[in-house]
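structure, please.
(one chain, ligands or ions: 2)
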Amino acid sequence: MAIQRPKGTQDLLPGTIEQWQYLEETIRSVCREYGYEEIRTPMFEATELFQRGVGQTTDIVKKEMYTFQDKGDRSMTLRPEMTASVCRAYVEDKLYGQPQPMKLYYIGPMFRYERPQSGRFRQFHQFGIEVLGADQPIVDAEVISLVWNLYKRLGLIGLEVHVNSVGCPICRARHREQLQEFLAARKSKLCNDCQERFERNPLRILDCKNPSCQEETVGAPTTKDTLCEDCSTHFEKVLAILGRAGVVYRVNPRLVRGLDYYTKTAFEVMVEEIGAQSAICGGGRYDKLVEEIGGPPTPGIGFAMGIERVLAALQVQHKLPEEKPKLFAMLIALGEQAQIEGFALLSDLRSQGMPVGMDLLGRSLKNQLKSANRQGVRYALILGEEELARKVLVIRDLTLGEQMEVSLVDAVEEINKKYQRGV
Ligand SMILES: [Zn+2]
Ligand SMILES: [Zn+2]
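Ligands and ions are numbered 1, 2, ... in the order given. The predicted model follows:
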């Protein structure tokens, strides 16, 4: 039996990969405009990094990690996300010694053992940014506005940013207490996961998707009621900057991130899909995370978005670019000598940046023309023995059905003129 790819993975083939490249190129240009630089870290890290940096109590660490012992009997894990790796690199590579803040972005595969029938991939791809070493509200606004403007650039409509402040360890302790008081009498009506969360991580009960949990938390104390003055001023400033910058947002007090190293701003970008809103980006501030993994106290904020998820939203909204012909011109060389001369001509054209091709299967003139047409190529460059003898080349416009003859010495210049005109 033929070997198959692992469950929950995909082959990205020509025909689809162009969409990925388009999205990645758009991401890279927006990051450039905002002054972010790319970081690439290893696909696998010491397991402990994710236990500390993602959190022992999270589903990711408890159930979904690809963990293995390597031949040196060290526990390694395929990265399930990037924030912990970026923070590790920040500490290990002493990026805190460089001019601050560090504004970094990444694009790459992540790995989680998900149930494949839920439409999730075990190898999936994320784009994200991390800003390390800056705690001002304007940084939060920049991070949110970067992804907002990326989605605008891609043409997505029906966007809304949900934003909240989860406070700092001081005011969150107060919130946690009030929340536990409020939920104590209702504990038995919560789902199993939430009953478990009650002691360890009660904030997460607020964003449980289980309907009965949502019902039981109606009227529960929100972070808004318990923010300390510092956190509350920070949040107000973020909102003011976003509003002026034209970012459409809504304060959502149910948006929480339960772990202790998450602080202040938390956000999700929602997109409207058939009948419902769904999140296509999530992020927030994590001022205690770098310390958590053993670095110096360093404020940080970032977000991650699933590439597959955003491509799906672009598809639903018909915002993916149309497929364009890959080649500008096809050489049709007839006879061995013409092939040799033609091949050299193609090299010249390619070295000037023109995407051109020729028949590689020894097909007849008729079939070569057919193939050029099928590929949507605009020009056929015909070089037969007779043309070769007169040192000329026929340039046939396959769209207009017109053709012209140029001398071989002028051919590159003539073809380049057409290419520059974009036809
Ligand atoms: Zn606070
Ligand atoms: Zn629940």
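
which positions within whichever strand or helix holds His162 qualify as buried?
Counting by DSSP states H and E, the element that carries His162 is strand 159-165. Of the residues in strand 159-165, Leu159, Glu160, Val161, His162, Val163, Asn164, Ser165 count as buried by neighbour count, 16 or more other CB atoms under 10 Å. From N, CA and C alone the C-beta is placed, and that goes for glycine too.

dig out what the fifth one forms beta bridges with.
On the basis of DSSP bridges, Val163 takes part in beta bridges with Val251, Phe267.

and if you look at the first one?
Using DSSP bridges, the beta-bridge partners of Leu159 come out as Val271.

around ligand 2, which positions in the stretch 151-300 of the chain sit nearby?
Taking CB under 5 Å from the ion as the criterion, the stretch 151-300 of the chain approaches ligand 2 at residues Cys191, Cys194, Cys208, Asn210, Cys213.

of those, which is the most crowded?
Cys194 (23 neighbours; other CB atoms under 10 Å).

circling back: the strand holding His162 and ligand 1 in contact?
No. Residues of strand 159-165 are not located near ligand 1 by CB under 5 Å from the ion, the shortest gap being 8.2 Å.

that older thread, now, the residues of the stretch 151-300 of the chain next to ligand 2 that are in helices?
Cys194, Cys213 (DSSP state H).

pLDDT for the residues of the stretch 151-300 of the chain next to ligand 2 - can I get that in TSV?
Putting those into TSV (pLDDT from 0 to 100) gives the following:
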residue	pLDDT
Cys191	91
Cys194	88
Cys208	86
Asn210	87
Cys213	88
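
so which of the residues of the stretch 151-300 of the chain next to ligand 2 is the closest to Arg421?
Within those, distances to Arg421 taken as CB to CB reach their minimum at Cys208, with 59.0 Å.

what's the burial count for the residue of the stretch 1-150 of the chain at minimum distance from ligand 1?
Taking CB to the ion as the measure, the stretch 1-150 of the chain has Asp135 as its residue closest to ligand 1, at 12.5 Å. Other residues lying near Asp135 total 17 when counted by other CB under 10 Å.

mind listing the helices in the stretch 1-150 of the chain by residue range?
17-33, 47-53, 59, 83-92, 137-154 (DSSP state H, counting those that start in this stretch).

dump those into TSV; add mean neighbour count as well.
Conversion of the helices of the stretch 1-150 of the chain to TSV gives the following (neighbours: other CB atoms under 10 Å):
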stretch	mean neighbour count
helix 17-33	16
helix 47-53	19
helix 59	12
helix 83-92	22
helix 137-154	21
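
beta partners for the residue nearest to the spatial centre of the chain?
Geometric centre of the chain, nearest residue: Phe127, 2.7 Å, by CA atoms, centre = their mean. Beta-bridge partners for Phe127, by DSSP bridges, are Ile107, Met305.
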